[in-house]
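Q: What follows is a predicted protein model with its sequence.
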Amino acid sequence: MVDDQPTQRQMLAGLLLPLGFRLREAASGTECLQSVAEQCPDAVLLDITMDDLDGWQTARRIREAGFTEVPILMVSANAFENQADKLAAAGVQGFVDKPVIESELLAALQRVLQLEWVAELAVPSWTPPASGGFELPEEHARTLVRLARLGHRQGTVLALERLVHEHPDCAATAGEARALVERFAWNELIERLQRSLPRRDEEAA
(Lines give C-alpha, C1' and ligand atoms only; values in the text may rest on other atoms or scores of the structure.)
Protein backbone atom coordinates (compact mmCIF):
# COMPACT_ATOMS: atom_id res chain seq x y z
CA MET A 1 0.00 0.00 0.00
CA VAL A 2 1.39 3.32 -1.13
CA ASP A 3 0.17 6.54 0.45
CA ASP A 4 1.97 9.59 1.81
CA GLN A 5 -0.55 9.83 4.67
CA PRO A 6 0.22 7.39 7.53
CA THR A 7 -3.40 7.43 8.70
CA GLN A 8 -4.56 6.20 5.30
CA ARG A 9 -2.06 3.34 5.39
CA GLN A 10 -3.16 2.46 8.93
CA MET A 11 -6.80 2.44 7.83
CA LEU A 12 -6.10 0.01 4.99
CA ALA A 13 -4.00 -2.16 7.29
CA GLY A 14 -6.88 -2.24 9.77
CA LEU A 15 -9.15 -3.59 7.04
CA LEU A 16 -6.79 -6.13 5.48
CA LEU A 17 -4.55 -7.51 8.22
CA PRO A 18 -7.41 -9.22 10.11
CA LEU A 19 -8.29 -11.08 6.90
CA GLY A 20 -4.82 -12.60 6.62
CA PHE A 21 -3.22 -10.27 4.08
CA ARG A 22 0.50 -9.61 4.44
CA LEU A 23 1.25 -5.95 3.81
CA ARG A 24 4.19 -3.73 2.97
CA GLU A 25 3.92 0.05 3.20
CA ALA A 26 5.48 2.80 1.14
CA ALA A 27 5.13 6.54 1.79
CA SER A 28 6.00 7.69 -1.73
CA GLY A 29 6.16 6.59 -5.33
CA THR A 30 9.93 6.24 -5.08
CA GLU A 31 9.65 3.96 -2.04
CA CYS A 32 7.05 1.93 -3.91
CA LEU A 33 9.36 1.36 -6.88
CA GLN A 34 12.17 0.27 -4.56
CA SER A 35 9.87 -2.11 -2.68
CA VAL A 36 8.46 -3.67 -5.85
CA ALA A 37 11.97 -4.15 -7.22
CA GLU A 38 13.11 -5.88 -4.02
CA GLN A 39 10.13 -8.24 -3.91
CA CYS A 40 7.22 -8.04 -6.31
CA PRO A 41 3.93 -8.15 -4.37
CA ASP A 42 0.69 -9.81 -5.39
CA ALA A 43 -0.96 -6.38 -5.82
CA VAL A 44 -0.23 -2.68 -5.38
CA LEU A 45 -2.70 -0.27 -3.74
CA LEU A 46 -1.62 3.12 -4.98
CA ASP A 47 -2.65 6.64 -3.95
CA ILE A 48 -2.70 9.24 -6.72
CA THR A 49 -1.74 12.52 -5.02
CA MET A 50 1.79 12.24 -3.59
CA ASP A 51 4.72 14.61 -3.34
CA ASP A 52 7.46 13.04 -5.44
CA LEU A 53 5.78 10.84 -8.05
CA ASP A 54 2.03 10.80 -8.37
CA GLY A 55 0.14 7.53 -8.66
CA TRP A 56 -0.05 7.59 -12.45
CA GLN A 57 3.70 8.19 -12.81
CA THR A 58 4.42 5.44 -10.29
CA ALA A 59 2.17 2.95 -12.07
CA ARG A 60 3.78 3.65 -15.44
CA ARG A 61 7.28 3.24 -13.97
CA ILE A 62 6.28 -0.08 -12.40
CA ARG A 63 5.27 -1.28 -15.87
CA GLU A 64 8.37 0.20 -17.53
CA ALA A 65 10.53 -1.67 -14.99
CA GLY A 66 9.14 -4.93 -16.35
CA PHE A 67 6.52 -5.70 -13.72
CA THR A 68 3.71 -6.13 -16.21
CA GLU A 69 1.59 -8.74 -14.43
CA VAL A 70 1.21 -7.38 -10.89
CA PRO A 71 -2.28 -5.85 -10.49
CA ILE A 72 -2.41 -2.16 -9.56
CA LEU A 73 -5.41 -0.54 -7.90
CA MET A 74 -5.72 3.20 -7.48
CA VAL A 75 -7.09 4.16 -4.05
CA SER A 76 -7.95 7.85 -4.19
CA ALA A 77 -10.42 10.54 -3.16
CA ASN A 78 -10.05 12.09 -6.63
CA ALA A 79 -13.06 10.32 -8.12
CA PHE A 80 -12.83 12.34 -11.35
CA GLU A 81 -9.54 10.52 -12.03
CA ASN A 82 -11.45 7.26 -12.38
CA GLN A 83 -11.41 7.23 -16.17
CA ALA A 84 -11.08 4.06 -18.20
CA ASP A 85 -8.61 5.58 -20.68
CA LYS A 86 -6.30 6.84 -17.90
CA LEU A 87 -6.43 3.49 -16.10
CA ALA A 88 -5.60 1.61 -19.31
CA ALA A 89 -2.80 4.00 -20.30
CA ALA A 90 -1.09 3.51 -16.92
CA GLY A 91 -1.67 -0.25 -16.83
CA VAL A 92 -3.99 0.02 -13.82
CA GLN A 93 -6.65 -2.64 -13.20
CA GLY A 94 -9.11 -0.78 -10.98
CA PHE A 95 -10.07 2.21 -8.86
CA VAL A 96 -11.31 2.36 -5.27
CA ASP A 97 -12.76 5.59 -3.91
CA LYS A 98 -11.78 7.20 -0.62
CA PRO A 99 -13.11 7.09 2.00
CA VAL A 100 -12.66 3.40 1.40
CA ILE A 101 -15.71 1.19 1.81
CA GLU A 102 -14.47 -2.22 2.86
CA SER A 103 -16.83 -4.19 0.64
CA GLU A 104 -15.68 -2.22 -2.45
CA LEU A 105 -12.00 -2.74 -1.63
CA LEU A 106 -12.48 -6.46 -1.06
CA ALA A 107 -14.52 -6.81 -4.25
CA ALA A 108 -11.71 -5.14 -6.23
CA LEU A 109 -9.07 -7.38 -4.65
CA GLN A 110 -11.23 -10.44 -5.25
CA ARG A 111 -11.47 -9.54 -8.94
CA VAL A 112 -7.81 -8.77 -9.64
CA LEU A 113 -6.38 -11.55 -7.45
CA GLN A 114 -9.09 -14.12 -8.25
CA LEU A 115 -9.68 -14.69 -4.54
CA GLU A 116 -12.26 -16.97 -3.05
CA TRP A 117 -13.45 -15.89 0.39
CA VAL A 118 -13.73 -18.81 2.82
CA ALA A 119 -14.82 -16.95 5.97
CA GLU A 120 -18.30 -18.46 5.72
CA LEU A 121 -16.87 -21.94 6.15
CA ALA A 122 -15.35 -20.96 9.49
CA VAL A 123 -18.60 -19.67 10.96
CA PRO A 124 -20.68 -22.27 12.81
CA SER A 125 -24.24 -22.60 11.63
CA TRP A 126 -27.00 -21.23 13.80
CA THR A 127 -30.79 -21.14 13.73
CA PRO A 128 -32.46 -17.71 13.59
CA PRO A 129 -35.20 -16.95 16.09
CA ALA A 130 -38.75 -17.71 15.02
CA SER A 131 -39.40 -14.07 14.09
CA GLY A 132 -36.37 -14.08 11.79
CA GLY A 133 -35.32 -10.73 13.19
CA PHE A 134 -33.02 -9.38 15.87
CA GLU A 135 -34.32 -8.11 19.19
CA LEU A 136 -32.29 -4.91 19.57
CA PRO A 137 -32.75 -1.41 20.97
CA GLU A 138 -34.06 0.81 18.19
CA GLU A 139 -31.13 3.26 18.30
CA HIS A 140 -28.56 0.49 17.89
CA ALA A 141 -30.56 -1.21 15.15
CA ARG A 142 -30.69 2.02 13.12
CA THR A 143 -26.93 2.55 13.50
CA LEU A 144 -26.19 -1.01 12.44
CA VAL A 145 -28.46 -0.78 9.39
CA ARG A 146 -26.66 2.39 8.26
CA LEU A 147 -23.22 0.81 8.64
CA ALA A 148 -24.29 -2.44 6.99
CA ARG A 149 -25.63 -0.55 3.97
CA LEU A 150 -22.15 0.99 3.59
CA GLY A 151 -20.53 -2.44 3.84
CA HIS A 152 -18.38 -1.02 6.65
CA ARG A 153 -17.14 -4.14 8.39
CA GLN A 154 -14.93 -2.48 10.99
CA GLY A 155 -17.57 0.10 11.91
CA THR A 156 -20.26 -2.58 12.20
CA VAL A 157 -18.08 -4.71 14.45
CA LEU A 158 -17.35 -1.72 16.71
CA ALA A 159 -21.07 -0.89 16.86
CA LEU A 160 -21.84 -4.46 17.91
CA GLU A 161 -19.18 -4.27 20.62
CA ARG A 162 -20.75 -1.03 21.91
CA LEU A 163 -24.16 -2.73 21.89
CA VAL A 164 -22.90 -5.57 24.10
CA HIS A 165 -21.15 -3.10 26.43
CA GLU A 166 -24.35 -1.07 26.92
CA HIS A 167 -26.78 -4.01 26.78
CA PRO A 168 -25.07 -7.23 27.97
CA ASP A 169 -28.35 -9.12 27.49
CA CYS A 170 -27.91 -8.61 23.71
CA ALA A 171 -24.63 -10.55 23.60
CA ALA A 172 -26.13 -13.62 21.92
CA THR A 173 -27.92 -11.53 19.30
CA ALA A 174 -24.75 -9.51 18.66
CA GLY A 175 -22.88 -12.77 18.14
CA GLU A 176 -25.37 -13.83 15.46
CA ALA A 177 -25.06 -10.45 13.75
CA ARG A 178 -21.25 -10.66 13.93
CA ALA A 179 -21.41 -14.06 12.19
CA LEU A 180 -23.27 -12.44 9.29
CA VAL A 181 -20.69 -9.65 9.14
CA GLU A 182 -17.86 -12.18 8.96
CA ARG A 183 -19.65 -13.87 6.06
CA PHE A 184 -20.19 -10.50 4.34
CA ALA A 185 -23.91 -11.38 4.31
CA TRP A 186 -24.91 -7.72 4.28
CA ASN A 187 -28.36 -8.16 2.72
CA GLU A 188 -29.41 -10.79 5.26
CA LEU A 189 -28.03 -8.68 8.11
CA ILE A 190 -29.91 -5.58 6.96
CA GLU A 191 -33.14 -7.53 6.50
CA ARG A 192 -33.01 -8.98 10.00
CA LEU A 193 -32.04 -5.67 11.59
CA GLN A 194 -34.93 -3.90 9.93
CA ARG A 195 -37.36 -6.32 11.58
CA SER A 196 -36.40 -4.84 14.95
CA LEU A 197 -37.37 -1.34 13.76
CA PRO A 198 -40.88 0.12 13.94
CA ARG A 199 -43.08 -0.75 10.97
CA ARG A 200 -42.82 2.78 9.56
CA ASP A 201 -39.03 2.45 9.37
CA GLU A 202 -39.27 -0.88 7.52
CA GLU A 203 -41.70 0.63 5.01
CA ALA A 204 -39.47 3.66 4.49
CA ALA A 205 -36.45 1.39 3.95
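A: Here it is on my side, so go on. Numbering: from 1, shown residues only.
Q: who's in contact with residue 180?
A: Listed by Cβ atoms under 8 Å, 6 or more residues apart in numbering, the contact set of residue 180 reads 186, 188, 189, 192. C-beta: built from backbone N, CA, C; applies to glycine.
Q: burial measure for residue 135, as a count.
A: 13 (other Cβ atoms under 10 Å).
Q: where are the low-confidence patches of the protein?
A: For the chain, applying pLDDT under 70 flags the ranges 118-133, 199-205.
Q: where do the helices sit along it?
A: Ranges of helices within the chain are 6-16, 29-38, 55-64, 84-89, 102-113, 138-150, 153-166, 171-182, 186-194, 199-204, based on DSSP state H.
Q: Let me have these in JSON lines, adding distance to residue 74 as columns.
A: Formatted as JSON lines, these follow (distance: least, Cβ to Cβ, whole Å):
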{"stretch": "helix 6-16", "distance to residue 74": "13"}
{"stretch": "helix 29-38", "distance to residue 74": "13"}
{"stretch": "helix 55-64", "distance to residue 74": "6"}
{"stretch": "helix 84-89", "distance to residue 74": "7"}
{"stretch": "helix 102-113", "distance to residue 74": "10"}
{"stretch": "helix 138-150", "distance to residue 74": "20"}
{"stretch": "helix 153-166", "distance to residue 74": "21"}
{"stretch": "helix 171-182", "distance to residue 74": "27"}
{"stretch": "helix 186-194", "distance to residue 74": "24"}
{"stretch": "helix 199-204", "distance to residue 74": "36"}
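Q: Minimum distance to residue 45: which of the ones you listed has it?
A: Counting by Cβ to Cβ, residue 45 lies closest to helix 6-16 out of the helices of the chain; the figure is 6.4 Å.
Q: farthest pair in the contacts of residue 180?
A: Using Cβ to Cβ, the two most remote members of the contacts of residue 180 are 186 and 192, lying 11.0 Å apart.
Q: So the two - more neighbours on which side?
A: Higher neighbour count among residue 186 and residue 192: residue 192, with 25 against 19, using other Cβ under 10 Å.
Q: Please list all residues in contact with the closest residue to residue 138 other than its chain neighbours.
A: Residue nearest to residue 138 in three dimensions, not counting chain neighbours: residue 197, with 6.3 Å by Cβ to Cβ, 6 or more residues apart in numbering. Counting by Cβ under 8 Å, 6+ apart, residue 197 makes contact with 138, 141, 142, 145, 205.
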